[in-house]
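Undergrad: A predicted structure for the sequence below; I have some questions about it.
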Amino acid sequence: MKVNYEQELNPAQLKAVTHTHGPLLVIAGAGSGKTRTIVYRLAYLVEKGVFPAEILLLTFTRKAASEMLFRAENILEQQIHGLNGGTFHSFACTMLKKFSLNLGWEEGFSVIDQSDATDIIRQAKYNLNLHKDKTFPKPHTIYDLISRSRNKELSLEQTIVNQSYHLLTFLEDIEKIADYYKKFKAKHFLLDYDDLLFFFEQLLQQDQNVRSFLQQRFSFIMVDEFQDTNKVQGRIVQLLAGPSANIMAVGDDAQSIYAFRGASVENILNFPQTFPGTTIVKLEQNYRSTQPILSFTNHILSLAQEKYPKKLFSENIQGPKPELFYTKSDLSQAQLVVKKIQELSLSYPYHEIAVLFRAGYQSYALEMELGKIGIKFQKFGGQKFSEAAHIKDIIAFLRLVTNPCDVLAWTRALGNIKGVGPKTCQKLYQCFFEANFSLLDSLCAKNQELKTMLQQLDSLRQKKLAPQDLLEEVIKIYTPIMEEKFVDDLPKRMAGLEQLLQIASIYDDVELFLADLTLETSLEDREELKDKLVLSTIHSAKGLEWDCVLIIDLVEERFPSRHALMDPKSLEEERRLLYVACTRARKYLGLFVPTNIYNRYQGNFEPRAPSPFIREVPDDLIQKYQEDHFGTLHQIDVLGPSKPPKTGQQKHDFTSTGSYCLHKIFGRGKVIAHIPPNKYKIHFPEHGLKTVLADYLEFE
């Protein structure tokens, strides 16, 4: 059956589908029918007489490739035999197997997975005698560092500095292990996933006959999600395309958010320079979101420094403007988010409502609020805080302080002490339950660490501390355990504890605090409910969509992250990250900006500037609300697109923002934001971001 492409595709999609010669770059905006375009072009080529064996389709998952082939077969109402489709890694493996002799591999090779790789690294630790210190990173962490170093094409030292600075003390030993790992693979003819790409590139570069053969065999190359390719994948595509360059790359520079994995946005940005004569087609008609949401996201994207300009539009022009909520603090934010969820649930099922955030720990307060009222949720990207091992340990210590007869807490908390197992914990429980102090003394005489721990807990029990103070003391006790137990991702776990401390600050009663923690913990059941609220990091939400999306913590140092505020390139990726988050919404978009962040060290709330991406948005694209002192939201009336809010919400003195000033201690710094009435957020090169009173600054 002949397909009516003109009827089934919009003009931009049709242009991309029917382009058959020369390099083609398809910039596919969010929700613009990217997969549909690839599928129809595949069908179009076959219908025009191209042999399937001449087509190479590279994707990031095998599932994506097989689904595209299946859909193309349905369009043509016939099977397509011989198509070469799959992931970069699977294709590289096939070609290396075919041409292994060209690389001098007479013995062939075997491919190892991550489990095999970590076994080799474990062996390296043992053979190099580097296994005696428990604080040494685990094999899977070392493998991850090695892999990211190769994918980003950076040294191990630079990778550790960027990703896991707390592991720098182990740099020399990690480098020894990496060298052992490399030599072991070579000796035993083993390749890991990263090797497949780099050796395939080596084959294409060194062997002109193989390169020419593959260039002639694959007359048409199509690459999906091109914005997610790393440097070596970009070079492989260039080598395969050859002089004819009948290559179609599909992707969206605005959705390049995986730099931490090695993705290089430059691959898609520089495509026209890499392949001269490139035809660029932009898919801008969106089939997902309402126009008010798209108008908002278009503006966010318009201020990106490097981009392919595009303006998404939809035929669905009805719908509310995105709503922006200025909450009194990060602590009240969670309560207002829950209220909004309850309001939305009257019109939408819970599984069509998603709360998105920059980092996994940022949802902790929300998770507790949801637990209080029994709203079930599923979380993607980062654990529920009640499922994280270090949080479970902390809760167990808190329970022991309030209830020394809690047998489960004994096992969980004291099980972290060497020589204390389930049997000892059961005896300890009996000691307290039966007041058998002679047996208790006997047990402690054999284990000084246990004795010290029990004395510390008994001291806390007598002090009757407020929840936050008690939690701080427990964290002091637990920190040495955590530093040994979780060295691999210690900073992330510490950030989670900071969030838990902030939650504790709103409680006056330890029992109530623990009760709410336990309520949240009870949600750990594995019952699969269809109608669960979704909590997700934005990275895990890419490729998904919901009717309603709420985004939290849109303030400086949380979104964008503190690191990104210092690095222009990272800041650009944070902008793209917000764009991805907002374009997940079909019908409703809610944005939450806590105007104050609780500082537990000083015991007060500090003003925090809204995310720069939020400050840039004209008032006519959003509807603003302000929380009052009673926790009620009030709409902010705006007369025009440039009129600032009438409430006391933060305004910014743009005459000073971007200028420089001097501080007697911190030196020269750049003004990032003005925080009325008399504070400024300053970036000092030697000291980072500081909030300083104007009286202590001398402006240039």
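TA: Looks like it came in fine.

Undergrad: How much space separates the nearest residue to G22 once chain neighbours are set aside from H19?
TA: Excluding its sequence neighbours, the residue lying closest to G22 (C-beta to C-beta, 6 or more residues apart in numbering) is G277, at 5.6 Å. Every residue, glycine included, has its C-beta placed from N, CA and C. Computed as C-beta to C-beta, to the nearest Å, the G277 to H19 distance reads 12 Å.

Undergrad: count of neighbours near the residue nearest to G22?
TA: When neighbours are counted by other C-beta atoms under 10 Å, G277 registers 8.

Undergrad: And stretch 692-700, what's buried?
TA: 692, 697 (16 or more other C-beta atoms under 10 Å).

Undergrad: An error on my part: the question was meant for stretch 147-167.
TA: For stretch 147-167, a neighbour-count test (16+ other C-beta under 10 Å) marks 147-152, 154, 156, 159-160, 164, 167 as buried.

Undergrad: Among the residues you listed, name the ones in helices.
TA: Judged by DSSP state H, the subset of the buried residues of stretch 147-167 located in helices is 147-152, 156, 159-160.

Undergrad: tell me which of these is nearest to F198?
TA: Proximity of those to F198 (C-beta to C-beta) peaks at R150, which lies at 7.2 Å.

Undergrad: my guess is the closest one contacts L196, does it?
TA: No - at 11.4 Å, R150 does not count as touching L196 under the criterion of C-beta atoms under 8 Å.

Undergrad: returning to what we had before: just name the closest of the buried residues of stretch 147-167 to K138, please.
TA: For the buried residues of stretch 147-167, the minimum distance to K138 (C-beta to C-beta) is 10.9 Å, reached by L167.

Undergrad: ok now do the closest one, which residues does it touch?
TA: Remark: with contacts taken as C-beta atoms under 8 Å, 6 or more residues apart in numbering, L167 is in contact with 137, 141, 145, 160, 174, 487-488.

Undergrad: want to try CSV for these, with secondary structure and distance to V355 as columns?
TA: Shown next, in CSV, are these (DSSP: H, G, I helix; E, B strand; the rest coil; distance: C-beta to C-beta, whole Å):
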residue, secondary structure, distance to V355
P137, coil, 32
T141, helix, 29
L145, helix, 31
I160, helix, 33
I174, helix, 37
V487, helix, 31
D488, helix, 27
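
Undergrad: Looking at the residues you listed, spot the one nearest F260.
TA: For those, the nearest to F260 is L145 (12.3 Å; C-beta to C-beta).

Undergrad: so how far is L621 from the closest one?
TA: Distance from L145 to L621, counting by C-beta to C-beta: 42 Å.

Undergrad: what about those two, which has more around it?
TA: Higher neighbour count among L145 and L621: L145, with 23 against 18, using other C-beta under 10 Å.

Undergrad: my guess is the more buried one meets Q158, correct?
TA: No - between L145 and Q158 there is no contact under C-beta under 8 Å: 10.8 Å.

Undergrad: quick one: least confident helix or strand in this structure?
TA: helix 510-521 (a mean of 70; mean pLDDT, DSSP states H and E).

Undergrad: next helix or strand past that one?
TA: Downstream of helix 510-521, the next assigned helix or strand under DSSP states H and E is strand 533-537.

Undergrad: Which helix or strand lies directly C-terminal to that next one?
TA: Next in sequence after strand 533-537, counting helices and strands by DSSP H and E, comes helix 538-541.

Undergrad: tell me which strands and helices that next one is in contact with?
TA: Helix 538-541 is packed against strand 353-357, helix 568-582, with contacts defined by 3 or more C-beta pairs under 8 Å, 6 or more residues apart in numbering; DSSP states H and E.

Undergrad: and the ones you listed, which one is worst for confidence?
TA: Of all the helices and strands packed on helix 538-541, mean pLDDT reaches its minimum on helix 568-582 (a mean of 93).

Undergrad: Could you pull out the buried residues of it?
TA: 570-582.

Undergrad: now swap in stretch 610-627 and tell me
TA: Applying a neighbour-count criterion of 16+ other C-beta under 10 Å, one finds 610-615, 617, 619, 621-627 buried in stretch 610-627.

Undergrad: any idea which of the residues you listed is the one closest to S90?
TA: Ranked by distance to S90 (C-beta to C-beta), these are led by F613 at 37.8 Å.

Undergrad: if I read this right, E306 contacts E572, doesn't it?
TA: Yes - with contact defined as C-beta under 8 Å, E306 counts as touching E572 (6.9 Å).

Undergrad: Look up how far I247 lies from the residue nearest the centre of the chain.
TA: In the chain, the residue lying closest to the centroid (C-alpha atoms, centre = their mean) is H539, at 3.9 Å. Using C-beta to C-beta, H539 is found at 28 Å from I247.

Undergrad: What of K681?
TA: According to C-beta to C-beta, K681 stands 46 Å off from I247.

Undergrad: Then Y165?
TA: Y165 is 39 Å from I247, by C-beta to C-beta.

Undergrad: Report the residue spans of the stretch 51-200 of the chain with pLDDT below the cut-off.
TA: Along the stretch 51-200 of the chain, segments meeting pLDDT under 70 span 131-132.

Undergrad: for it, what spans make up the helices?
TA: 62-76, 88-98, 114-127, 139-152, 156-163, 171-187, 193-206 (DSSP state H, counting those that start in this stretch).

Undergrad: Turn those into JSON lines, columns for distance to S212.
TA: Output for the helices of the stretch 51-200 of the chain, formatted as JSON lines (distance: least, C-beta to C-beta, whole Å):
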{"stretch": "helix 62-76", "distance to S212": "25"}
{"stretch": "helix 88-98", "distance to S212": "14"}
{"stretch": "helix 114-127", "distance to S212": "34"}
{"stretch": "helix 139-152", "distance to S212": "28"}
{"stretch": "helix 156-163", "distance to S212": "36"}
{"stretch": "helix 171-187", "distance to S212": "28"}
{"stretch": "helix 193-206", "distance to S212": "10"}
